[in-house]
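Trainee: no sequence on this one, just coordinates:
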């Protein structure tokens, strides 16, 4: 019996900002219902890679396949949670208004149907913020806002969920609750997140995609005090790697 299909395939990807090469010869695959974290030092190309997968940027060369097609053709099946700082908290909207935005473009003539509202409420129930429905989005705590943004992405009814630094603005308790939620959601679809929370990553995530101009993907194991200098260029408490990350790469090995 075959395993889950590949929902993301990247082959020989190259991307530059002008003369500055950000990603070079990047190749990897991600399977359905796999929970993956992109890690690496600041400026290593993590968020750029996520934007390429979303179809917000185009590669200089190479191939990206999302659910068997070009990224821009599958945007309607991708849930996306950007960093919170990308939102204007002064904009007047309720928590429910924010979540309902995930249904934009799903119905006719730009109107939200009763079905759209039902799906949005279901997403709020899944993320534990249904009781915040009528509160202003700006009045929510960091963890509650993040759950609202996740609910908005779930309202898309995604086949893949992308998250950019999902625990950046929450405390450790809220962060653990979010990772528990991601673990539960990964039983339904693939999740790919950019994260600096190495301790949480090592506990909850199946697979790590190490990015530093190039990329290497392999399974996560327990957090240790080992130093992974080739990735972070310094002493960092990191995930135990089966091989050292470097620009030359290493063999990919995953659990069966």
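Mentor: Looks like it arrived, so ask away. In this text the structure is predicted, and so the values were computed from the model without any measurement.

Trainee: which residue ranges form the helices in the stretch 151-256 of the chain?
Mentor: In order along the chain, the stretch 151-256 of the chain carries the following helices (DSSP state H, counting those that start in this stretch): 172-185, 198-204, 229-232.

Trainee: Show me what the longest one is packed against.
Mentor: Read it as helix 172-185. In this structure, helix 172-185 packs against helix 142-154, strand 190-194, helix 198-204, with contacts taken as 3 or more CB pairs under 8 Å, 6 or more residues apart in numbering; DSSP states H and E. Every C-beta, even on glycine, is put in place using the N, C-alpha and C of the backbone.

Trainee: The longest one versus helix 172-185: what angle between them?
Mentor: Yep, that's helix 142-154 we're talking about. Going by axes from the mean of the first three to the mean of the last three CA atoms, to 10 degrees, helix 142-154 is angled at 20 degrees with respect to helix 172-185.

Trainee: Residues touching helix 142-154, excluding its own?
Mentor: Applying CB atoms under 8 Å, 6 or more residues apart in numbering, the external contacts of helix 142-154 come out as 79-82, 84, 95, 98-102, 120, 123-124, 126-129, 132, 137, 140, 161, 163, 166-167, 169-171, 174-175, 177-178, 181, 185.

Trainee: Show me how to select, in ChimeraX, the buried members of those.
Mentor: Entered in ChimeraX, the line below selects the buried ones among the contacts of helix 142-154, by 16 or more other CB atoms under 10 Å:
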select :79,80,81,82,84,95,98,99,100,101,102,120,123,124,126,127,129,132,137,140,161,163,166,167,169,170,174,175,177,178,181,185
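
Trainee: Okay, helices next: where are they in the stretch 1-150 of the chain?
Mentor: 46-54, 95-100, 114-126, 142-154.

Trainee: out of these, which comes closest to residue 218?
Mentor: helix 46-54 (16.3 Å; CB to CB).

Trainee: For the closest one, name the packing helices and strands.
Mentor: So helix 46-54, by 3+ CB pairs under 8 Å, 6+ apart, packs with strand 6-17, strand 20-31, strand 35-39, strand 61-66, strand 160-164, strand 190-194.

Trainee: again, only using 10 Å
Mentor: When contacts are defined as 3 or more CB pairs under 10 Å, 6 or more residues apart in numbering; DSSP states H and E, helix 46-54 packs onto strand 6-17, strand 20-31, strand 35-39, strand 61-66, strand 78-81, strand 160-164, strand 190-194, strand 207-212.

Trainee: before we move on, the earlier item: what about the helices of the stretch 1-150 of the chain, which gets the closest to residue 207?
Mentor: helix 46-54 (14.6 Å).
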